[in-house]
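# Sequence and predicted structure are below.
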Amino acid sequence: MVDVLALVEARLRTALGEPDARAAVTFLGTDRVEVLRFTDLDTSGTAPTGIVRYATLGMSAQPMADPTAVLADPVAGPRAELVLSVRAGTADTDKVLRPLAVLAASPQVEGLMVAPGASLDVGDPLWPGAPFTSVLVAEPGGLVEDLELDAPLDPVRFLPLLPMTPNEAAWKRVHGAGALQERWLASGTDLRDPARKSVSLD
C-alpha cells in the first residue's frame, strides 16, 4: 500500500520548502495529525517574506466518507490537507497548531466532508486574541498543486483556509462563499493579516 503521508510531506516540501517546526496532536479514536510550519522565502530562497504557512499532515491518510453512506469506503473518496497562511510577527499565530489539527481530524471525528466553500468553526479564537473562530475553505491548486495518487485512490487536495470574523461567517451563511470572497476582493482585504477587521458587509 502506498504511503500517502510520505508523498504528501514530499509535495509540501517541494512547494513550501523545509518546515522549521512541527507538532503532533492525537485525538481519541483518530489517527495522529501533524501540523508543519513553513517560513515563506523570497525567490532567492534566503530572505523571509514575512508570511508563515501552516499545513496539516495526516488528514489525507484516510479518504473522507460520505456521511450518508451506510459503509465507509476505506480506499475511494476525497482526500485533503489544510493550509493556512498568515503574516508573521504581529500575533502568536503558532497557537493555531491545535485548532488546525482539530479541523483536520473533523472528517474522522464528526464525519464531515471538507470541501471548497465550506465553513469550519473551532468555537474559540484561532490563536490568542484572534478576531476569528472559523475559516472559509477556499479552492485548491494555487499554492500547492494536487497530489495525484495511483487508482483507485483519489488525489490529495491542499485546501487553503481563510479566517473569518463572526460577522463574516454569519453573512456567508446567508449569501454564500462566493459573495463573501467578492466583498474581500472589492475591499482589498488582506486575508493574511492576523489582526484584520471584518470587511464592510452593509
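Cool, got the structure. Numbering: from 1, shown residues only.
# Kindly state the beta-bridge partners for the residue nearest to the spatial centre of the chain.
Centroid check for the chain by CA atoms, centre = their mean gives residue 82 as the closest residue, at 2.6 Å. Going by DSSP bridges, residue 82 is paired in beta bridges with residue 159.
# Could you tell me which residues within stretch 154-162 count as buried?
154, 156, 157, 158, 159, 160, 161, 162 (16 or more other CB atoms under 10 Å). For glycine as for every other residue, the C-beta is placed from the backbone atoms N, C-alpha and C.
# For the protein, which segments count as helices?
4-16, 97-110, 166-175, 177-187 (DSSP state H).
# Out of those, which gets nearest to residue 139?
Residue 139 lies closest, by CB to CB, to one member of these: helix 177-187, at 9.5 Å.
# what are the C-alpha coordinates of the closest one, in CSV please?
Output of helix 177-187 as CSV, limited to C-alpha atoms (Å, rounded to 0.1, in the frame of the first residue of the first chain):
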residue,chain,number,x,y,z
ALA,A,177,-18.9,31.8,0.0
GLY,A,178,-18.6,33.4,-3.5
ALA,A,179,-20.3,36.6,-2.3
LEU,A,180,-18.1,36.9,0.7
GLN,A,181,-14.9,36.4,-1.4
GLU,A,182,-16.2,39.1,-3.8
ARG,A,183,-16.5,41.5,-0.8
TRP,A,184,-13.0,40.7,0.3
LEU,A,185,-11.6,41.3,-3.2
ALA,A,186,-13.5,44.5,-3.7
SER,A,187,-12.3,45.9,-0.4
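# which residues sit against that helix?
116-119, 136, 138, 162, 164, 168, 171-172, 189, 191, 199-201 (CB atoms under 8 Å, 6 or more residues apart in numbering).
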